[in-house]
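Student: What would the 3D arrangement of this be:
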Amino acid sequence: MADRGRAPSQVLIASPTEERRNRWRRALEGVFDVEEAGDLAVLDRTLTALKPAILLLDLALPRLGGIDGLPAVKRLSPTTKTMVFTGHPHEKEGISALRAGAMGYCETDLDPVLLKKAVALVQKGEVWVRRNFIPCLIEELASLTDFRQKGASAKWVSRLDRLTPREREIVSMIGKGQTNKEIAARLRVKEKTVKAHLTTVFRKLGLTGRVRLALFINEREQDPIASVETHERGEMGSRRPIRLKPN
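Tutor: Coordinates of the predicted model:
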């Protein structure tokens, strides 16, 4: 949610369905500055020009190519936090979305109250997924052992050497499940300073998104990965962080 006295964060809604765009807009107006795109061409132009804080991306957008089109969209504005929406959520697709750098994976008919909460959390650097995706996240975590088996460890150690002591400290906290706000309080810096460090970390490590960073650190240090905000339909006020540990 925007701070008092500060311009609201910009959210771009990309969906081919006017009713859906209107519904999402009504849920966010008053808290966020909302723009719309009804097709891929408008999405590309608007995303490139505005670099919004958050993108709500409907996978039904024609010519997007579904989840396969997400990397190309991310390249247009790497700093934009993307939330992916689909009419038929599927665990494997959700994992693919998170691996491609999405910060959320939701059903298109998400309750307006939950939508507003989800966008606010993503704005703060959290990840929003459904609770039933947790087993798939555990499976994804286990699959990262392939890095060691394929001799990739040396490459990642080399990339870690590029980090400054402060960046390593922040990365360690991410691996232990701490949020940007908690890290800022611990280090006695502003939250935007933490975000700036993370942007640099993502670039140096060649990773896209907080989930991939947390999974990577969990693999390297065997620490709990970052908390993931989850929800279940109908439990409007019962979100709680879940920390996953390797099997």
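Student: Every contact and neighbour count from this point should use C-alpha atoms.
Tutor: Noted.
Student: All the strands of this protein, residue numbers only.
Tutor: 10-14, 33-37, 54-58, 81-86, 104-107, 128-130, 228-231, 241-242 (DSSP state E).
Student: and the residue most central in space within the chain, how far is that from V189?
Tutor: The centre of the chain sits closest to M103, judged by Cα atoms, centre = their mean, with a distance of 1.5 Å. Applying Cα to Cα, to the nearest Å, the value for M103 to V189 is 24 Å.
Student: in this protein, what secondary structure element scores lowest on mean pLDDT?
Tutor: Ranking every helix and strand in the chain by mean pLDDT, DSSP states H and E puts strand 241-242 at the bottom, with a mean of 34.
Student: How about residues contacting the longest helix belonging to the chain?
Tutor: In the chain, with assignment by DSSP state H, the single longest helix is helix 191-205. The contact list for helix 191-205 (Cα atoms under 8 Å, 6 or more residues apart in numbering) reads 156, 159-160, 162-163, 167, 170-171, 180-181, 183-184, 208-209, 213.
Student: Pick out the most distant pair among those.
Tutor: Maximum pairwise distance among these (Cα to Cα): 27.1 Å, between W156 and K181.
Student: taking the mean pLDDT, what do you get for stretch 70-83?
Tutor: The predicted model gives stretch 70-83 an average pLDDT of 93.
Student: State the distance spanning the first to the last residue of it.
Tutor: End-to-end distance for stretch 70-83: 10 Å, by Cα to Cα.
Student: what about the nearest residue to A184 once chain neighbours are set aside, distance to G65?
Tutor: Nearest non-adjacent residue to A184, counting by Cα to Cα, 6 or more residues apart in numbering: E191, 5.2 Å away. Distance of E191 to G65, computed by Cα to Cα: 35 Å.
Student: Check K81 too.
Tutor: The spacing between K81 and G65, counted by Cα to Cα, is 19 Å.
Student: so what are the domain limits for the chain?
Tutor: Per the record, the chain has its domains at 10-123, 139-221, by automatic domain parsing.
Student: In terms of pLDDT, where does N22 sit?
Tutor: Turning to N22, the model gives it a pLDDT of 97.
Student: How many residues are close by it?
Tutor: When neighbours are counted by other Cα atoms under 10 Å, N22 registers 13.
Student: And D161, by the same measure?
Tutor: Neighbours of D161 (other Cα under 10 Å): 12.
Student: Ok, the one 5 residues further on next?
Tutor: The burial count assigned to R166 is 12, neighbours taken as other Cα under 10 Å.
Student: Equivalent analysis for the one 3 residues further on, please.
Tutor: The number of residues packed near E169 is 13, by other Cα under 10 Å.
Student: dump the residue contacts of it.
Tutor: Neighbour list for E169: empty [criterion: Cα under 8 Å, 6+ apart].
Student: if we can go back for a sec, if you count what's nearby, which of K81 and G65 comes out ahead?
Tutor: For K81 versus G65, neighbours defined as other Cα under 10 Å are more numerous around K81 (25 against 11).
Student: Now do the nearest residue to E91 once chain neighbours are set aside against K116, distance only.
Tutor: Leaving aside its sequence neighbours, E91 sits nearest to F133 (Cα to Cα, 6+ apart; 5.8 Å). Counting by Cα to Cα, the separation of F133 from K116 is 21 Å.
Student: Over to L43?
Tutor: 21 Å.
Student: These two: who's more crowded?
Tutor: Neighbours were counted for L43 and for K116 using other Cα under 10 Å; L43 has more, 23 against 20.
Student: shouldn't the more buried one be in contact with A37?
Tutor: Yes - with contacts counted by Cα atoms under 8 Å, L43 reaches A37, the gap being 5.2 Å.
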